[in-house]
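[1] please work out how this folds:
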Amino acid sequence: MPIIRVEMFEGRSIEQKRNLVTELTTAFVAACGGTPASVQVVITDFSSEDWGVGGQLIVDRNKGA
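    Residues are numbered from 1 along each chain as shown. Below is the predicted model of the structure:
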């Protein structure tokens, strides 16, 4: 059972997430075989306050942009 994990910033609609799950599942089956029913997709949404890059929170980096 393949598991695809997606970590991204919050803010996508449920429809965007549905499309993402469909597209990832289709691509995995096309590339690796198996059945769509065997593919699991786990989406974790993060706030920009919960993600850091280069020693700085994203929320703080965006303030300077």
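[2] low-confidence ranges in this protein?
    64-65 (pLDDT under 70).
[3] which helix in it has the most residues?
    helix 14-32 (DSSP state H).
[4] and after it, which helix or strand comes next?
    Per DSSP states H and E, the first helix or strand lying C-terminal to helix 14-32 is strand 40-46.
[5] against which helices or strands is that next one packed?
    The helices and strands touching strand 40-46, judged by 3 or more Cβ pairs under 8 Å, 6 or more residues apart in numbering; DSSP states H and E, are strand 3-9, helix 14-32. C-betas here are computed from N, CA, C, even on glycine.
[6] closest to Asp45 out of the ones you listed?
    Among the helices and strands packed on strand 40-46, strand 3-9 comes nearest to Asp45, with 6.5 Å by Cβ to Cβ.
[7] what are the pairing partners of that closest one, and which direction each?
    strand 40-46 (parallel) (DSSP bridges).
[8] so what touches the strand it pairs with?
    1-12, 17, 20-21, 24-25 (Cβ atoms under 8 Å, 6 or more residues apart in numbering).
[9] neighbours of Thr25, how many?
    20 (other Cβ atoms under 10 Å).
[10] measure the closest residue in space to it that isn't next to it in sequence to Gly52 for me?
    Leaving aside its chain neighbours, Thr25 sits nearest to Val39 (4.6 Å; criterion: Cβ to Cβ, 6 or more residues apart in numbering). Counting by Cβ to Cβ, to the nearest Å, the separation of Val39 from Gly52 is 30 Å.
[11] neighbour-wise, which of the two wins?
    Neighbour totals were compared for Val39 and Gly52, and Val39 leads with 19 against 13 (other Cβ under 10 Å).
[12] coming back round to it: hmm, who's touching the longest helix of the chain?
    Helix 14-32 is touched from outside by Pro2, Ile4, Val6, Arg12, Gly34, Thr35, Pro36, Val39, Val41, Ile43, with contacts defined as Cβ under 8 Å, 6+ apart.
[13] redo the residues you listed as CSV? Include distance to Gln56.
    Output for those, formatted as CSV (distance: Cβ to Cβ, whole Å):
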residue, distance to Gln56
Pro2, 34
Ile4, 28
Val6, 23
Arg12, 23
Gly34, 40
Thr35, 43
Pro36, 40
Val39, 35
Val41, 30
Ile43, 25
